[in-house]
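# what's the 3D shape of this:
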Amino acid sequence: MALLTIAGATLQCTFGAAPSVLNVLPLKRTLSGTPAATITDNLPLVNIVPFGVCSCPANPMVAAATAAAAGVLTPMPCVPVCAAPWIPGALRTVIGKTPALDSKSLLLCQWGGVIKIVAPGQATVTVGG
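I've put the predicted structure just below:
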């Protein structure tokens, strides 16, 4: 079974150079005082903070920098763009009518990266798939 993901969870993007942290706003959904995440905690720069630099050629900033460097891949600052919620989430565990975010969920970045949960922030509360 997957674990419930909470604020402070460690995230990693396939094209990011550094790990990141999940920010969850404290909206009356806590686990021992720490906000619990749902699949809608996907807002760039609010919930999902940058992963250092991005090396995805589909990212317009990376593409422009690479073109300026005569085709040598040139990573640029990461600004994630995540339009859709995390998938699939814990469909049988809901928090405020929204599926909880479990440790096996993925988030897709518009630039081609796949964001995964490396450490959910806690190790005791499991959720139903």
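
# Provide the count of other residues in contact range of residue 120.
Neighbours of residue 120 under the rule other CB atoms under 10 Å: 23. C-betas here are computed from N, CA, C, even on glycine.

# Also residue 26?
11.

# any idea what it is structurally, helix, strand or coil?
Judged by DSSP: H, G, I helix; E, B strand; the rest coil, the three-state class of residue 26 is coil.

# how close does it sit to residue 35?
From residue 26 across to residue 35, the span is 5 Å (CB to CB, to the nearest Å).

# ok, now residue 97?
With CB to CB as the criterion, residue 97 and residue 35 are 16 Å apart.

# Between these two, tell me which one has more neighbours.
A direct count of neighbours by other CB under 10 Å for residue 97 and residue 35 places residue 35 higher, at 21 against 6.

# isn't there a strand covering that one?
Yes - under three-state DSSP, residue 35 falls within a strand.

# Pairing partners for it in the sheet, please.
residue 30 (DSSP bridges).

# just residue 117 next, same as before
residue 11.

# I'd assumed residue 5 was in contact with it.
Yes - using CB atoms under 8 Å, residue 117 is in contact with residue 5, at 5.6 Å.

# what about those two, which has more around it?
residue 5 (33 against 23).

# ok, now how distant is the more buried one from residue 126?
Residue 5 is 12 Å from residue 126, by CB to CB.
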